[in-house]
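**Q** 3D model of this:
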Amino acid sequence: MNSGKELVTELIKLQTKYTKTDRAITTREKYEAFYLNKFVKELDFNNKLLRESLIEHVGHLPIIATFLYPHIENRDKIDLGKTLLMLAIHDIGETEVGDVITYKKTKEHQNLEIAAAKNILDESYIDIFQEFEDVESLEAKFAKAIDSLAPLLHEVDLPDVTAKRFKYFGFNEETIIKKKRPLFIWDSVLLGIFDYCIEEYKKI
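**A** Have a look, this model is predicted:
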């Protein structure tokens, strides 16, 4: 059995990795704090100061999931606790291999993330991690939808920034529909949320 000191040491290491791992998305808080206050001269989407940290992303997900859970069509068939556990562990591989913007992520990078996650996670979590990756259970489908929705909320919240970001990366609403809409079609409420976001993208 590990001592309290050993567990705290390992936990701080993991916490630091989550904090230092940057995701390929800009949030309103980062934009207002660093760009509008001129700490960043250009709207550089690769600038560390403008990128959401992994720990912010993972902390955002249970807020979305618990807010939406009472409203979704299939709530009575879903174990929310299981979904929240999936959301807590699903991106741990990024602490080793980094994040790649969703629309540019290759199968090779995805496999590296999965392998890294399975190497880091305690073996008691491997099955539920794989369940998330397989996206067959309703809990996994809910978790995947929430994970996909989180960056959409940031983008809809910052339309001017999103327009510049999409131009920079060469994306549009069709890119999002093709990649993400299949993750929402299993629940009418979640699909309605996704489709609303797409309508907002069309105004950008």
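**Q** and the longest helix seen in the chain, what's buried?
**A** Counting residues, the longest helix found in the chain (DSSP state H) is helix 138-157. Buried residues in helix 138-157, counted by 16 or more other CB atoms under 10 Å: 138-152, 154-156. Using the backbone N, CA and C atoms, a C-beta is placed for each residue, glycine as well.
**Q** which other residues reach the helix or strand hosting residue 5?
**A** According to DSSP states H and E, residue 5 maps onto helix 4-20. If you take CB atoms under 8 Å, 6 or more residues apart in numbering as the criterion, helix 4-20 is touched by 2, 53-55, 58, 95-96.
**Q** tell me which helix or strand of this structure sits lowest on mean pLDDT?
**A** In the chain, no helix or strand scores lower on mean pLDDT, DSSP states H and E than helix 159-169, which sits at a mean of 89.
**Q** and the residue nearest the centre of the chain, what does it touch?
**A** Centroid-nearest residue in the chain: residue 147, 4.3 Å away (criterion: CA atoms, centre = their mean). Listed by CB under 8 Å, 6+ apart, the contact set of residue 147 reads 61, 87, 90-91.
**Q** for residue 175, same thing?
**A** 103, 166 are the contacts of residue 175 under CB under 8 Å, 6+ apart.
**Q** go again using 7 Å as the cut-off
**A** residue 103 (CB atoms under 7 Å, 6 or more residues apart in numbering).
**Q** so which helix or strand takes in it?
**A** helix 173-180.
**Q** do me a favour and average the pLDDT over that helix.
**A** Mean pLDDT, helix 173-180: 94.
**Q** tell me where the model's unsure across this structure.
**A** Counting by pLDDT under 70, the chain contains no low-confidence segment.
**Q** nice, that's everything, thank you.
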